[in-house]
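Asker: my questions are about this predicted structure, shown below with the sequence.
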Amino acid sequence: MTGTTPTRYAYLGPEGTFAESALIGAVGPDGGVRQPMPGVPAALAAVRAGDADAALVPLENSVEGSVPATMDGLADGAPLLITREVFLAVSFVLAGRPGTAPDGVRSVASHPHALAQTAGTLARLLPGVVPLPATSTAEAARQVAAGEHDAAVCAPIAAERYGLTVLADDVADHPGAVTRFVLVAPPGPLPAPTGNDKTSLVAVVGDRTGALLDVLTEFAVRGIGLTRIESRPTRERLGVYSFSLDCEGHVADARVGEALSALHRVCDGLRFLGSYPRADGRENKPVTPVSTDAAFGEAAGWLRQVRAGGV
Ligand SMILES: O=C(O)C(=O)C[C@]1(C(=O)O)C=C[C@@H](O)C=C1
């Protein structure tokens, strides 16, 4: 965007979601215009339609795993690029309208991911309570404030934002959970390599023996580590899967570029989802001497020479 036009960021709303906290953490409280959306598909659609410049969406959680709406939303439809990853520690409170007695809580609403991360604690604190899915933790808090449910599992900031009282703090079954969000934008210039980057892909493998091994081999032989791999149904028919994966390195790195072009040959489909700085506080594994850009460059020079009749 140009100097005077603020960047429009779509995110999973309403105000008070973890997605909003992650966005504020990433771009600052005054970093552009925040556009709350009713769901991940709507946030991605806003970017595809040009109604937002970027969207911040949850991709995976350290306890509950991947967020299918984001995985599938990036794998299908017009291509989008991940330009950044953002990590946020998530902790949940149980919140109700002022005056609610904890033993009077019969229904608890939240985002399915949040309900899953607190299921054990809720069963212990509120035996027999009915968990109800909401489009986000903050939407659940808003619904409780509106009298639709008795309590919500949400961020402390959402309880405050919707005038709720905290009935129980830290209701997560596994303390220390972290959610990984990604900032996605329309196709355009890639973030410059930093030396500590990740690349995300979706690979559709054929229905043949060893197809996944072929994919993994292209990374292994070039000394590229994977940081995540999981399968999703392609939704064509039972038995056809795509693999969503993140690897170490930037597509501008010779070893990653070569691996991707090899995957383009061996996979039935390959979608590049972006190369962006690694932000989980960890360093990529050192590149082995035979997989550096210099080693690939030297080998390409040698091949040119051989093809020209040299030895
Ligand atoms: O509902 C929210 O507040 C969100 O930002 C979504 C979301 C998720 O999709 O996992 C993000 C973090 C928590 O793990 C729970 C919910």
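Answerer: That came through, no problem.
Asker: can you tell me which residues contact the residue nearest to Gly13 when sequence neighbours are not counted?
Answerer: Distance criterion Cβ to Cβ, 6 or more residues apart in numbering; nearest residue to Gly13, sequence neighbours excluded, is Pro36 at 2.3 Å. Bear in mind the C-beta positions are built from the backbone N, C-alpha and C, glycine included. When contacts are counted by Cβ atoms under 8 Å, 6 or more residues apart in numbering, Pro36 is found next to 10-15, 17, 20.
Asker: among the residues you listed, which pair sits farthest apart?
Answerer: Among the contacts of Pro36, the pair separated by the greatest distance (Cβ to Cβ) is Ala10 and Glu15, at 13.5 Å.
Asker: quick one: secondary structure of the closest residue to Asp197 other than its chain neighbours?
Answerer: Distance criterion Cβ to Cβ, 6+ apart; nearest residue to Asp197, sequence neighbours excluded, is His250 at 4.0 Å. Secondary structure, DSSP: H, G, I helix; E, B strand; the rest coil: His250 is coil.
Asker: now do His250 against the ligand, distance only.
Answerer: Relative to the ligand, His250 is positioned 27 Å away (Cβ to the nearest ligand atom, to the nearest Å).
Asker: and this protein, which of its residues are near the ligand?
Answerer: 12, 17-19, 58, 61, 67, 90, 111, 113-114, 136-138, 179 (Cβ under 6 Å from any ligand atom).
Asker: ok, back up a step: how many neighbours does the residue nearest to Asp197 have?
Answerer: By the criterion of other Cβ atoms under 10 Å, His250 has 24 neighbours.
Asker: mind listing which of the residues of the chain next to the ligand are in strands?
Answerer: Cross-referencing the residues of the chain next to the ligand against strands under DSSP state E gives 12, 58, 61, 179.
Asker: who wins on neighbours among those residues?
Answerer: Going by other Cβ under 10 Å, Leu12 tops these with 31 neighbours.
Asker: got a list of what the closest residue to that residue other than its chain neighbours touches?
Answerer: The shortest distance from Leu12 to any non-neighbouring residue, by Cβ to Cβ, 6+ apart, is to Ala19 (4.0 Å). For Ala19, the contact set (Cβ under 8 Å, 6+ apart) comprises 11-13, 56-58, 136, 181.
Asker: quick check: the farthest pair among those?
Answerer: Gly13 and Phe181 (13.8 Å).
Asker: more crowded one of those two?
Answerer: Neighbours per residue, other Cβ under 10 Å: of Gly13 and Phe181, the larger number sits with Phe181, 28 against 22.
Asker: Val251 contacts Thr199, doesn't it?
Answerer: Yes: counting by Cβ atoms under 8 Å, Thr199 is a contact partner of Val251 at 5.6 Å.
Asker: what about the residue nearest the centre of the chain, distance to Asp268?
Answerer: The centroid of the chain falls nearest to Leu59 when counting by Cα atoms, centre = their mean (2.0 Å). Per Cβ to Cβ, to the nearest Å, Leu59 is found 24 Å from Asp268.
Asker: does Pro98 touch Gly163 like I think?
Answerer: Yes: here Pro98 reaches Gly163: they are 7.3 Å apart, a contact under Cβ under 8 Å.
Asker: in this protein, which segments are predicted with low confidence?
Answerer: Scanning the chain for pLDDT under 70 picks out the ranges 1-3.
Asker: domains of it?
Answerer: 1-90+176-188, 93-168, 190-310 (the TED database).
Asker: what about Ala10 and Glu15, which has more around it?
Answerer: Ala10 (27 against 15).
Asker: and Leu56, which of the three is it?
Answerer: With three-state DSSP as the criterion, Leu56 reads strand.
Asker: burial of Glu176, as a residue count?
Answerer: Small correction: residue 176 is Gly, not Glu. Neighbours of Gly176 under the rule other Cβ under 10 Å: 10.
Asker: which one is Pro133 nearest to, not counting chain neighbours?
Answerer: Of all residues not flanking Pro133 in the chain, Pro112 sits nearest, at 4.9 Å (Cβ to Cβ, 6+ apart).
Asker: what about the helices in the stretch 101-250 of the chain?
Answerer: Under the criterion DSSP state H, counting those that start in this stretch, the stretch 101-250 of the chain contains helices at 112-125, 137-145, 156-161, 211-220.
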